[in-house]
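[1] Pasting the sequence and the predicted coordinates here, then a few questions.
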Amino acid sequence: MTIARVAWDRLPVAARDAVSGRLGAEPAVADAVSGANCGASAVLTLPDGRTVFVKAQRAHDAAPVGGISGAGPGWWGSAWGPVDELGQEERVNAFLPAGSPRVLWRLEVAGWHLLAFEGIVGRHADYAPGSPDLPLVVRALAELGGCPAPELRLPSAWDRWGYWCDPDQEPLLSGTCLLHTDPAACNVLVDGVRARLVDWAWPALGPAWIDPALWGLRLVSAGGHTPEQARSWVSRTPGWRSATPDGVRTFTRAEARRWEEYAADDVWGAAEIAQAARHWADLWA
């Protein structure tokens, strides 16, 4: 899902004043450079050095649900939009692993919904071969795998990927583990001692090996790993122990089809990921 982004200083004055009032001081602002599914986002630094990360969505924004599932309205319903996505991220926050930043507060003002998180001083993960961040990501995925299933209504892995599968393959993607579903490097912050999963806009429930499988694709597409190198890393995650050959083949093929459809629609950056996704799927075929 990609929506129009605006810089923080383009938000309504009333919205920015409300945030400053909630913080108790006028912050220094640094707009976030990533986040295609967010109307605005920024790191706000207070005079005492504390940081807060704020995501904002317009109340009236709508985006095609196909950007989430590709299967039409499905689980999300035809009226689902960015504000619903923000609300889901707020609700799931209490169930996240300890390394993920906690929600601090939410405001609704001047036609905008603003969600504030604990600020993390860190950088995006480096997925290149030999990077010291790779073992930290393995640890972060292990931490996520240890989280109990949240008592929330969340989409399943089948809701997300079933569109690209055969109907009789649904049991292969069944599970009750909490999934992040987008472990791209920009959604993993490294603070020097640990990797933290951020941007929980698309949580789901499914088998524990789904996130490692998605991480493997990102190692190939963004990190420059061969599929065999990526397999070596994902196999170190505890969740991978429950993976079945049929399940992995079905899922990686579905993910490749998803990205190939995005590439056919000229979605920016999708062509390169689609090629990597096909190589990743071919390894398991």
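    It's in. Numbering: from 1, shown residues only.
[2] Report the contact partners of the nearest residue to E255 once chain neighbours are set aside.
    If you skip the residues right next to it in sequence, E255 has A277 as its closest partner in space, 5.5 Å away by C-beta to C-beta, 6 or more residues apart in numbering. For the C-beta atoms, the positions are set from N, CA and C on the backbone; glycine is no exception. Residues in contact with A277, defined by C-beta atoms under 8 Å, 6 or more residues apart in numbering, are L217, S221, T252, E255, A256, R258, W259, E260.
[3] what about the nearest residue to the second one once chain neighbours are set aside, which SS state?
    What sits nearest to S221 in space, not counting adjacent residues and going by C-beta to C-beta, 6+ apart, is A276, at 3.5 Å. Following DSSP: H, G, I helix; E, B strand; the rest coil, we place A276 in the helix state.
[4] Would you list the phi and psi of D48?
    Per-residue torsions, D48: phi -90, psi 0 (degrees, to the nearest 10).
[5] I'd like the distance from it to L283, if you could.
    From D48 over to L283 the distance is 50 Å, taken as C-beta to C-beta, to the nearest Å.
[6] the strands in the stretch 101-250 of the chain, which residues?
    Using DSSP state E, counting those that start in this stretch, the strands assigned to the stretch 101-250 of the chain run over residues 103-109, 112-118, 123-124, 177-179, 188-190, 195-197, 204-206.
[7] For V52, which of the ones you listed is the nearest?
    Among the strands of the stretch 101-250 of the chain, the nearest to V52 by C-beta to C-beta is strand 112-118 (5.2 Å).
[8] So what's the residue count around A128?
    Other residues near A128 number 14, with proximity taken as other C-beta atoms under 10 Å.
[9] For it, list the residues it contacts.
    For A128, the residues meeting the contact criterion (C-beta under 8 Å, 6+ apart) are G223, G224.
[10] Next, format the strands of the stretch 101-250 of the chain as JSON lines and append mean pLDDT, distance to R5 and mean neighbour count.
    Converted to JSON lines, the strands of the stretch 101-250 of the chain look like this (pLDDT from 0 to 100; distance: least, C-beta to C-beta, whole Å; neighbours: other C-beta atoms under 10 Å):
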{"stretch": "strand 103-109", "mean pLDDT": "98", "distance to R5": "19", "mean neighbour count": "16"}
{"stretch": "strand 112-118", "mean pLDDT": "97", "distance to R5": "13", "mean neighbour count": "21"}
{"stretch": "strand 123-124", "mean pLDDT": "95", "distance to R5": "18", "mean neighbour count": "15"}
{"stretch": "strand 177-179", "mean pLDDT": "97", "distance to R5": "26", "mean neighbour count": "25"}
{"stretch": "strand 188-190", "mean pLDDT": "97", "distance to R5": "20", "mean neighbour count": "24"}
{"stretch": "strand 195-197", "mean pLDDT": "97", "distance to R5": "22", "mean neighbour count": "23"}
{"stretch": "strand 204-206", "mean pLDDT": "96", "distance to R5": "24", "mean neighbour count": "24"}
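[11] Kindly reformat the ones you listed as CSV containing distance to G24.
    Formatted as CSV, those follow (distance: least, C-beta to C-beta, whole Å):
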stretch, distance to G24
strand 103-109, 12
strand 112-118, 13
strand 123-124, 28
strand 177-179, 34
strand 188-190, 25
strand 195-197, 26
strand 204-206, 37
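[12] Those strands: which one's closest to A7?
    Taking C-beta to C-beta as the measure, these were each checked against A7, and strand 112-118 came out nearest at 13.4 Å.
[13] Contacts for that closest one next, please.
    Defining contact as C-beta under 8 Å, 6+ apart, one finds that strand 112-118 is touched by 11-12, 15, 18-19, 22, 39-40, 52-59, 83, 86, 89-90, 101-108, 198.
[14] where along the stretch 101-250 of the chain do the helices fall?
    In the stretch 101-250 of the chain, helices defined by DSSP state H, counting those that start in this stretch lie at 133-145, 157-161, 210-221, 227-234, 245-264, listed in chain order.
[15] quick one on the thing from earlier: any idea which of the strands of the stretch 101-250 of the chain gets closest to C147?
    The stretch from the strands of the stretch 101-250 of the chain with the least distance to C147 (C-beta to C-beta) is strand 177-179; that distance is 5.1 Å.
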